[in-house]
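**Student:** Could you work out the structure for the sequence below:
(2 chains)
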Amino acid sequence: MSAPRQNWQSKLGFILAASGSAIGLGNIVFFSSNAYQYGGGAFYLPYFVALFVMGMPIMMVEFGLGALTQKSFPMALSQLAGRRGEFVGWWSIGSALFITMYYIAILGWALGMMIGAFGSLFQPGATAPFTPFAEPMPEPNATVYFFSLISTWNPLVYIIVIWLANLFILRQGAHTIEKAVRIFVPLMWLFMIILAVRGLTLPGGFDGVMYLFTPALDGIREPSVWKGAFSQMFFSLSLGLGTMTAYASYLPRDADQVNNSMLVSFLNCSFEFLAGVAIFSLLFVFALNPAGTTLSLSFFVIPQGINELSAVPWIVRLFGFLFYLLVVMAGITSSISLIEAPASALIDKFRFSRRKALALIAIPCVMGSCLFALPQIIDPRLSGNGTLGLTLLDITDHWVFNYSLLTVGLLEVLMIGWVFGAGKLRAALNENAKLKLGGWFEILIRYFLPVILLVVIVTSLAQEWPLYGTSYDMPGYSWLTMFIPIFWLAFTLFFAFYITRSKTVDP
Amino acid sequence: MKWIALLLNIIALPLLASAQISLSDEQPTQGEAVAVTLGQPERLLVVTYRPNSSVAMRDTLRAEQPTTVFRWTPRKPGIVSLSSSAASRNVSVRFNGLSGSGIIVMGIAATLLFGGAAFAFRLLFKDEAEDGTLDMELDHFPDT
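**Tutor:** Here you go, the predicted model:
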């Protein structure tokens, strides 16, 4: 028998958990990369537009779904839009499981780098003057260390450690999540502030910050800049994954979801602001280019900046350790929400015990996480850049992360706007809101957001030919570029179809 | 991760070749001329402001005869890539004074974000309204 639905012990606990869920690896480095690529301060205009017209309203929808129905994402959508809604909810859960698998593999690597900070990983002045794996240079540097690390069996141990940490935190649901985030989230802020202060106090560090904020207006009329801002906001706030709805379902019905959405969104973006200051000041001083992705910036570029922070080895190691500790903590506060979303959905649908739901998720997903790390371990030749190992993860991330979140977001606003009724949701949210939502909310949900999300999805798809990943050199494995998106779609759609058709166990 | 290859090239190749490009001032300032010295004579030096971005801007410095020294006055601050046919490197061009627009954008962004968070925090802990119950959930959320 299942236990009665839990509640957060405090409002602050929920805010810390939801903001911890939103603040993940992407916030630490990906915002900086986007801001650099899309014109620095000029990026802030589309960024704020995206925050106010898309990020906050969709978060209000997701929080509202959870708190007002007291159900997880698929079951909340089921209550509001019937089986179609439930199907969309389970599809998003299926995609979230995929993301969890490789996200925890990356966290395992980050844990390995954190441990490496005690050893030879961080050396004052060490950069990466080498061609990856062709002829590794004798002197240590982060890139060589990373590729050497992922070709050992150690990452499997690290992945299992991260999974155990997640399951330990999730063992009693909201109660234990709240305990963990009360430690992790303030520490994340503290470490980010330390990194930002250190970056700012470097000679030329403030120029880096000016570089972040000074607008390069040349690109503001480029549609790609606006598309980049809207995508960044969606991914940054972890929308379309069911995590926010799962967390909000542990709130009392009369919680103020308008204010909660504003607060979590502002906290998430404030953290990104600080991260931008830290990363830009650090990379600018050493003429390192912030353009890149979460993985490349986290494991190759930023460590080089850290190596330049001081000529004193222990200071460099300390900052290296703090950086990866920050990455691991930010990752875990997000991964627990990625696991909680399917766990709460299974509990709601089948009335499983929490232990059973977590086991059903963990057993296949631990294997999945290990599978993402295995190719490089079994054949160390795959541990280089552009080889099959990282490419598998890269292609999976490209399809699952880029398309599932946006598509779920689109279907979600269509169902709320046109099936359930945006007006009804607005009225329900306004019941307990200190700041009332105006008629603009309905216009956004019914018209503006579906159009914007559709445009982003369609323009992205239009640029998909040749298929993503075909430029990689994968002799004998080029079929994977086609297989991975088809497998993901087929698997998640079947998963959603099967579970939606299964009988819901009454409470 | 899609730019791993590109990024590693950005990191590794310029560093491999950086010894072949040196500057009279390793931290040049916007608007102030510096001498760029190459390892071997070249006719062209390509300067890319904000490389690998959607707003990258390119200048080409030309010499009538192959030369090892180019005079370059950075037009914009920020990360700049210098590349010749044989070598390439990144430099950070510092601002000539404070950037007014940068300070304004930073101020507005910080005020909106941190101010917004502070405002929402204040609302969060404000005393609950007299009647905090939701009495219309059945109308709004029919069990379908």
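**Student:** Every contact and neighbour count from this point should use C-alpha atoms.
**Tutor:** Will do.
**Student:** which residues in chain B form strands?
**Tutor:** B:21-23, B:34-49, B:57-72, B:78-83, B:88-93 (DSSP state E).
**Student:** so which of those strands gets nearest A:Ala18?
**Tutor:** strand B:78-83 (35.3 Å; CA to CA).
**Student:** now for the helix or strand containing A:Phe63, which elements pack on it?
**Tutor:** Per DSSP states H and E: A:Phe63 is located in helix A:56-69. With contacts defined as 3 or more CA pairs under 8 Å, 6 or more residues apart in numbering or on different chains; DSSP states H and E, the packing partners of helix A:56-69 are helix A:73-116, helix A:243-248, helix A:257-285, helix A:422-431.
**Student:** Give me the buried stretch members for it, please.
**Tutor:** A:56-69 (16 or more other CA atoms under 10 Å in any protein chain shown).
**Student:** Next one: stretch A:30-47, is it in contact with chain B?
**Tutor:** Yes. Counting by CA under 8 Å from any CA of the partner chain, chain B is contacted by stretch A:30-47 at A:36-39, A:41, A:44.
**Student:** What score does residue 18 have for pLDDT?
**Tutor:** Let's take chain A. A:Ala18 is assigned 97 on the pLDDT scale.
**Student:** you looked at the wrong chain, it should be chain B
**Tutor:** pLDDT, read off for B:Ser18, is 48.
**Student:** and the angle for whichever helix or strand A:Tyr36 is part of with helix A:73-116?
**Tutor:** Element membership of A:Tyr36 [criterion: DSSP H and E] is helix A:25-37. Counting by axes from the mean of the first three to the mean of the last three CA atoms, to 10 degrees, helix A:25-37 lies at 80 degrees to helix A:73-116.
**Student:** name the helices or strands packed onto helix A:25-37?
**Tutor:** Using 3+ CA pairs under 8 Å, 6+ apart: helix A:25-37 touches helix A:223-236, helix A:257-285, helix A:294-296, helix A:313-350.
**Student:** rerun at 6 Å
**Tutor:** On a contact count with 3 or more CA pairs under 6 Å, 6 or more residues apart in numbering or on different chains; DSSP states H and E, helix A:25-37 meets helix A:257-285, helix A:294-296.
**Student:** elements contacting the last one?
**Tutor:** Packing partners of helix A:294-296 (3+ CA pairs under 6 Å, 6+ apart): helix A:25-37.
**Student:** Look up phi and psi at the closest residue to A:Phe280 other than its chain neighbours.
**Tutor:** Nearest non-adjacent residue to A:Phe280, counting by CA to CA, 6 or more residues apart in numbering or on different chains: A:Gly208, 5.2 Å away. The phi/psi pair for A:Gly208 (degrees, to the nearest 10) reads phi -60, psi -40.
**Student:** Residues of chain A that sit close to chain B?
**Tutor:** A:37-38, A:79, A:82, A:129-130, A:210-211, A:213-214, A:219, A:254, A:263, A:266-267, A:270, A:287, A:293, A:295, A:394, A:424 (CA under 6 Å from any CA of the partner chain).
**Student:** For the helix holding A:Phe63, which outside residues touch it?
**Tutor:** A:76, A:245, A:248-249, A:251, A:253, A:258, A:261 (CA atoms under 6 Å, 6 or more residues apart in numbering or on different chains).
**Student:** how about a cut-off of 8 Å?
**Tutor:** A:71-73, A:76-77, A:79, A:237, A:239, A:242, A:244-255, A:257-258, A:261-262, A:265, A:409, A:413, A:425, A:428-429, A:441, A:444-445, B:137, B:141 (CA atoms under 8 Å, 6 or more residues apart in numbering or on different chains).
**Student:** same deal with stretch B:66-79?
**Tutor:** A:208, A:211, A:284, A:287-289, B:28-43, B:45, B:49-51, B:61, B:63, B:90-95.
**Student:** same deal with stretch A:107-127?
**Tutor:** Here stretch A:107-127 has contacts from A:139-142, A:145-146, A:149-150, A:154-156, A:158-162, A:299, A:303-304, A:306-313, A:316-318, A:320-321, A:324-325, A:327-328, A:331-332, using CA under 8 Å, 6+ apart.
**Student:** and what of stretch A:317-325?
**Tutor:** A:110-111, A:113-115, A:117-118, A:122-123, A:191, A:195, A:303, A:306-307.
**Student:** Now for A:Ala180, how many residues are close by?
**Tutor:** A total of 20 residues lie near A:Ala180 under the criterion other CA atoms under 10 Å in any protein chain shown.
**Student:** do the same with A:Trp440
**Tutor:** A:Trp440, neighbours per other CA under 10 Å, totals 11.
**Student:** Report the residue ranges of every domain in chain B.
**Tutor:** Domains of chain B are assigned by automatic domain parsing as B:22-93, B:98-126.
**Student:** Format the ones you listed as a markdown table; extra columns: mean pLDDT, mean neighbour count and distance to A:Gly13.
**Tutor:** Shown next, in a markdown table, are the domains of chain B (pLDDT from 0 to 100; neighbours: other CA atoms under 10 Å in any protein chain shown; distance: least, CA to CA, whole Å):
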| stretch | mean pLDDT | mean neighbour count | distance to A:Gly13 |
| --- | --- | --- | --- |
| domain B:22-93 | 92 | 18 | 39 |
| domain B:98-126 | 94 | 17 | 12 |
